[in-house]
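Peer 1: fold the following and give me the result.
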Amino acid sequence: MPGHIENKFIEKLIGTFNGINGVRVISKKSELPNVFKEEAFFYEPDVVILVDKKITHVVEVETDPVRKALVGGACTCAYFVKKNLSNVKPKLYFAIGDKGLNQLHRFQARKKILEDFFKMYFSDIQIDSQQQILELLKKDLHC
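Peer 2: Numbering: from 1, shown residues only. As a prediction, the model looks like this:
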């Protein structure tokens, strides 16, 4: 369950992108596509972005990017994609809050390992500040 800081970022995503160019930003469990609801006991993403009803992005919001949170998030999301979304390769973005920015350089250095291991499940993996993820999404979604 996202905390206050995560919710502020999620609200910003919704306010920035929802309804523009066929984009739908979903963060509420009750609004997730059925495939996510069926697997909620195993994997429940912070944010799912759909464009023209197709899943294009999964965004995990982390206030403190400990190694296990990022790797675990990538693993569970990859398993979910493999099992349920065989015809989709969404982008997986980890949006790191201010508290974790001092650790970001450690994860950027190891990002290549994640990309190599999970490239069959995701078209892109990014680990960056919330502001940088917002900018990436603006480019991706043409907003």
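Peer 1: remind me, longest helix of this structure?
Peer 2: Counting residues, the longest helix found in the chain (DSSP state H) is helix 67-84.
Peer 1: just give me how far it sits from the chain centre.
Peer 2: If you compare the mean C-alpha spot of helix 67-84 with that of the full chain, they lie 11 Å apart, counting by C-alpha atoms, centre = their mean, to the nearest Å.
Peer 1: also stretch 129-140?
Peer 2: 11 Å.
Peer 1: okay, that stretch in CSV with CA atoms only?
Peer 2: Extracted as CSV, the C-alpha positions of stretch 129-140 are listed here (Å, rounded to 0.1, in the frame of the first residue of the first chain):
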residue,chain,number,x,y,z
SER,A,129,14.3,10.0,-9.7
GLN,A,130,10.5,10.6,-9.7
GLN,A,131,11.1,13.8,-11.7
GLN,A,132,13.2,11.9,-14.4
ILE,A,133,10.6,9.2,-14.6
LEU,A,134,8.0,11.9,-15.1
GLU,A,135,10.1,13.3,-18.0
LEU,A,136,10.6,9.9,-19.6
LEU,A,137,6.8,9.3,-19.4
LYS,A,138,6.2,12.6,-21.1
LYS,A,139,8.4,11.5,-24.0
ASP,A,140,7.0,8.0,-24.1
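Peer 1: how about it: buried residues?
Peer 2: Along stretch 129-140, these residues count as buried under the neighbour rule (16 or more other C-beta atoms under 10 Å): 130, 133-134, 136-137, 140. The way it works is simple: take the backbone N, C-alpha and C, and place the C-beta from them, glycine included.
Peer 1: got it, and stretch 113-128?
Peer 2: 114, 118, 121-122, 125-128.
Peer 1: just stretch 34-52 next, same as before
Peer 2: Residues of stretch 34-52 classed as buried under the neighbour-count rule (16+ other C-beta under 10 Å) are 36, 39, 43, 45-51.
Peer 1: which stretches of this protein form helices?
Peer 2: If you assign secondary structure with DSSP H, the helices in the chain sit at 4-17, 34-38, 67-84, 104-118, 130-140.
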